[in-house]
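Student: Return atomic coordinates for the entry below.
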Amino acid sequence: MAKKTIITIATTGAWPKKENNPNVPMTPQEIAEDVYDCWKAGAAVAHLHMRDDEGNGTMSTDKFRETVKLIRELHPDCDIVLNLTTSGDLHATDETRQAHLKELRPEMGSYDCGSMNWLNSSLFLNPPKFLEELGRNMQEWNVKPEIEVFDPGMIANAAYYLKKGVLKAPLHFQMCMGCANGIPGSMKNLVFMKETMESLCPGSTWSCFGVGHCAMEMMYGAVAMGGHIRVGMEDNVMYAKGQLAESNRQFVERAARVIREFGNEPATPDEAREILGLSK
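Tutor: Down below sits the predicted model:
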């Protein structure tokens, strides 16, 4: 699998709305069709957030259930790996952040490995009690954690939970670069994050995304350094400076071109499962 690079599509997120980009998918129907379109373009993993009827981020199990059902029933040929968020609403409870994982048992779910200030305006809380409960539940439910890390300290947290048995090797990290209040997106910082991971959690796999102006640098850097990549409107509603993205597929197609130009190939969903140690 040395020449295979996984593309994760992050379709929606919890923030951008139609006024930011009219092409952001918001409803279960829009998200399901968007995931299918991105799968056809080369995405192997879909990272999903849900929105309520007003367009705000929600952890509604009903919305997750409807979206997953639409993807699987309308497009039975689509074997994309589903990665459901556990952090789509800053006001959600520990229980509502996990209820959809317990019911739907997706192959992957996000695991944000620490607390932080968020966008200079609020708190993104992932206290130890929640992380220990979530990690053990994900093992019981056979959901692979995607360990989202916004600074090196969160990698150290993951190493602690691995040693404690809350997490199980091999780990898979998502390097979240350039988020407000997280580590800035630069090649120097990405190299440091990768080296920290390799030192503390050897044998792990990793992916990366960059927010805003660092997006392209982080994508090229991750491919060159042997990582995997995440793209999509959760992280950027602009395709280029002054140019709104026309679709999430547009991001996936560019990512696939970059991967091929480097001499790799986009991983299929089953190849991604093999790389990540998932069982279909």
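
Student: Nearest the geometric middle of this structure, what residue?
Tutor: The centre of the chain sits closest to residue 47, judged by C-alpha atoms, centre = their mean, with a distance of 4.8 Å.

Student: which residues touch that residue?
Tutor: By C-beta atoms under 8 Å, 6 or more residues apart in numbering, residue 47 lies in contact with 8-11, 83, 85, 110, 146, 230, 232, 234. For every residue, glycine as well, the C-beta is placed using N, CA and C.

Student: change it to 6 Å
Tutor: 8, 10, 83 (C-beta atoms under 6 Å, 6 or more residues apart in numbering).

Student: and for the host helix or strand of residue 131, what are the contacting residues?
Tutor: In this structure, residue 131 is located in helix 128-141 according to DSSP states H and E. Residues from elsewhere that reach helix 128-141 (C-beta under 6 Å, 6+ apart): 94, 98, 101, 105, 145, 161, 166-168.

Student: Show me what the helix or strand just after it packs onto, helices and strands only.
Tutor: Moving toward the C-terminus from helix 128-141, the next helix or strand (DSSP H and E) is strand 144-149. Packed against strand 144-149 by the contact rule (3 or more C-beta pairs under 6 Å, 6 or more residues apart in numbering; DSSP states H and E) you find strand 108-112, strand 172-177.

Student: Next secondary structure element downstream of strand 144-149?
Tutor: As the chain continues past strand 144-149, the following element, by DSSP H and E, is helix 152-164.

Student: average pLDDT across that following helix?
Tutor: Averaged over helix 152-164, pLDDT sits at 98.

Student: and what of stretch 192-209?
Tutor: On average, stretch 192-209 scores 98.

Student: And for it, what's in contact with it?
Tutor: So stretch 192-209 is contacted by 152, 155, 159, 170-175, 218, 222, 227-228, 230, 235 (C-beta under 6 Å, 6+ apart).

Student: in that stretch, what counts as buried?
Tutor: Residues of stretch 192-209 classed as buried: 193-194, 196-197, 200-201, 204-209 (neighbour count, 16 or more other C-beta atoms under 10 Å).

Student: Among these, name the ones in helices.
Tutor: 193-194, 196-197, 200 (DSSP state H).

Student: Distance to residue 64 for the residues you listed - can I get that in JSON lines?
Tutor: Written out in JSON lines, the entries for those read as follows (distance: C-beta to C-beta, whole Å):
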{"residue": "193", "distance to residue 64": "29"}
{"residue": "194", "distance to residue 64": "32"}
{"residue": "196", "distance to residue 64": "32"}
{"residue": "197", "distance to residue 64": "29"}
{"residue": "200", "distance to residue 64": "32"}
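
Student: Give the full set of residues in contact with residue 255.
Tutor: Residue 255 neighbours (C-beta under 6 Å, 6+ apart): 7, 229, 231.

Student: next one: residue 123
Tutor: Contact analysis of residue 123 by C-beta under 6 Å, 6+ apart lists nothing.

Student: Residue 161 too?
Tutor: Per C-beta under 6 Å, 6+ apart, neighbours of residue 161: 135, 167.

Student: same thing but 10 Å
Tutor: Contact partners of residue 161, counting by C-beta atoms under 10 Å, 6 or more residues apart in numbering, are 111, 113, 128, 131-132, 134-136, 145, 147, 167-168, 171.

Student: Check residue 31 too.
Tutor: 11-12, 24-25, 46, 48-51, 63, 66-68, 70-71, 248.

Student: Now, those residues that are in strands?
Tutor: Among the contacts of residue 31, the ones falling in strands (DSSP state E) are 46, 48, 50-51.

Student: just checking, residue 179 touches residue 112?
Tutor: No. Using C-beta atoms under 10 Å, residue 179 makes no contact with residue 112, being 11.1 Å away.

Student: joint contacts of those two?
Tutor: Common contacts of residue 179 and residue 112, defined by C-beta under 10 Å, 6+ apart, comprise 124, 148, 150.

Student: Any chance of those in TSV with distance to residue 243 and neighbour count as columns?
Tutor: Shown next, in TSV, are those (distance: C-beta to C-beta, whole Å; neighbours: other C-beta atoms under 10 Å):
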residue	distance to residue 243	neighbour count
124	30	17
148	27	26
150	27	24
